[in-house]
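>>> Show me how the following folds:
(2 chains)
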Amino acid sequence: MPLDQSFVGRSWPPTEPYLVGREKIREFARAIGATDAEYHDPEAARALGYTDVVAPPTFPVAITMAASRQIVNDPALGLDYSRVVHGDQKFAYARPVVAGDALVCVNTVDDITSRGGHDFLTTRTDVTTEAGEPVVTVWSKLVQRGEEA
Amino acid sequence: MGDVLEPQTFRVTRADLVRYAGASGDFNPIHWSDRIAKSVGLPGVIAHGMFTMALVGRAVTAWAGAPDAVVEFSVRFSRPVPVPDTDEGTEVVVTATVKDVTEDGHTRLSLTATCNGDKVLSLAQALVRKR
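Residues are numbered from 1 along each chain as shown, chains lettered A, B, ... in the order given. As a prediction, the model looks like this:
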């Protein structure tokens, strides 16, 4: 069953603020092998102009992937997650995420297309502080593979 | 223009995928269970696409000089990265070429990532702020 085209342009209410912990950034940095001091040591990060340890560029997905369940778990959309693969990923940064940030996500369906029996869903998550300061915008394109004939 | 930056090689093992699953919250079983991965037509456990992108991000921040120098970062996942259950795992090799300078003065890096000689990303690029 194709995805419901009427979802294009739809946005969801802002998520509850996600409090970015210093240990979560350290854990993420360790998991990707990022050993530079600004990811681990608050003093080193402050010396470089950050307010606390800074997150690696792909860290926001740890927040937005959970937030975008608002979209992908909506039964009306018709997404079968067992047939989904990750197609594209894009980040546009206003500034890096730092420990102590309280971040709010607003999810929007940017696009739904079908091609060659596959469905393509592009979601956009605008990540801001609680005061509305832009931090990063995250786009994910998910591919729902066609069912085997 | 056209400058090629020093390629970077990253080793990826099953233990890395387990650690990344916990750190990122992505517990999709195709990244830790051969049984499930094979049941959906994969050769076996594959790396999280976002783990591969994170390794490319490490190379980008190393070239850029700082994490806040990265303005935009985008990839397309074109092939999976199979990770065998061995001590050696597999290797991902990341390269970058300076493409152009945008009107805003940002440097555009064209990125590649290969595993066993196959390109696992396409349309991968980063915009880096001049420091």
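
>>> count of residues packed around B:T107?
20 (other CB atoms under 10 Å in any protein chain shown). No exception for glycine: its C-beta is placed from N, CA and C like everyone else's.

>>> Sorry, slip of the keys, the one I care about is A:A76.
9.

>>> tell me the phi and psi of it?
phi -70, psi -20 (degrees, to the nearest 10).

>>> Report the separation between it and chain B.
23 Å (CB to the nearest CB, to the nearest Å).

>>> so where do the strands sit in chain B?
B:4-12, B:70-77, B:90-101, B:107-115, B:118-119, B:121-128 (DSSP state E).

>>> Export these to TSV and append columns for distance to A:T108.
What follows is those, written out as TSV (distance: least, CB to CB, whole Å):
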stretch	distance to A:T108
strand B:4-12	33
strand B:70-77	18
strand B:90-101	29
strand B:107-115	26
strand B:118-119	31
strand B:121-128	22
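
>>> Would you convert the ones you listed into CSV that also reports mean pLDDT and distance to A:T51?
Formatted as CSV, the strands of chain B follow (pLDDT from 0 to 100; distance: least, CB to CB, whole Å):
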stretch, mean pLDDT, distance to A:T51
strand B:4-12, 89, 29
strand B:70-77, 97, 18
strand B:90-101, 94, 29
strand B:107-115, 96, 26
strand B:118-119, 96, 38
strand B:121-128, 96, 22
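
>>> quick one, which of the ones you listed is nearest to A:E16?
A:E16 sits nearest to strand B:70-77 of all the strands of chain B, at 26.4 Å, using CB to CB.

>>> looking just at contacts, which helices and strands does the closest one meet?
strand A:84-93, helix B:49-64, strand B:121-128 (3 or more CB pairs under 8 Å, 6 or more residues apart in numbering or on different chains; DSSP states H and E).

>>> Tell me which of these sits most buried.
helix B:49-64 (a mean of 24; mean count of other CB atoms under 10 Å in any protein chain shown).

>>> now could you export just the CA positions of that one as CSV?
Provided in CSV are the C-alpha atoms of helix B:49-64 (Å, rounded to 0.1, in the frame of the first residue of the first chain):
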residue,chain,number,x,y,z
GLY,B,49,24.3,4.0,8.0
MET,B,50,24.6,6.7,10.7
PHE,B,51,27.7,5.0,12.1
THR,B,52,29.3,5.2,8.6
MET,B,53,28.2,8.8,8.4
ALA,B,54,29.7,9.4,11.9
LEU,B,55,33.1,8.1,10.7
VAL,B,56,33.0,10.3,7.7
GLY,B,57,32.0,13.2,10.1
ARG,B,58,35.2,12.4,12.1
ALA,B,59,37.2,12.8,8.9
VAL,B,60,35.4,16.0,8.0
THR,B,61,35.9,17.6,11.4
ALA,B,62,39.5,16.6,11.3
TRP,B,63,40.0,18.4,8.0
ALA,B,64,37.8,21.3,9.0
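
>>> Give me the number of neighbouring residues for the closest residue to B:Q125 other than its chain neighbours.
Among residues not flanking B:Q125 along the chain, B:S110 sits closest, at 5.5 Å (CB to CB, 6 or more residues apart in numbering or on different chains). For B:S110, the neighbour count with other CB under 10 Å is 16.
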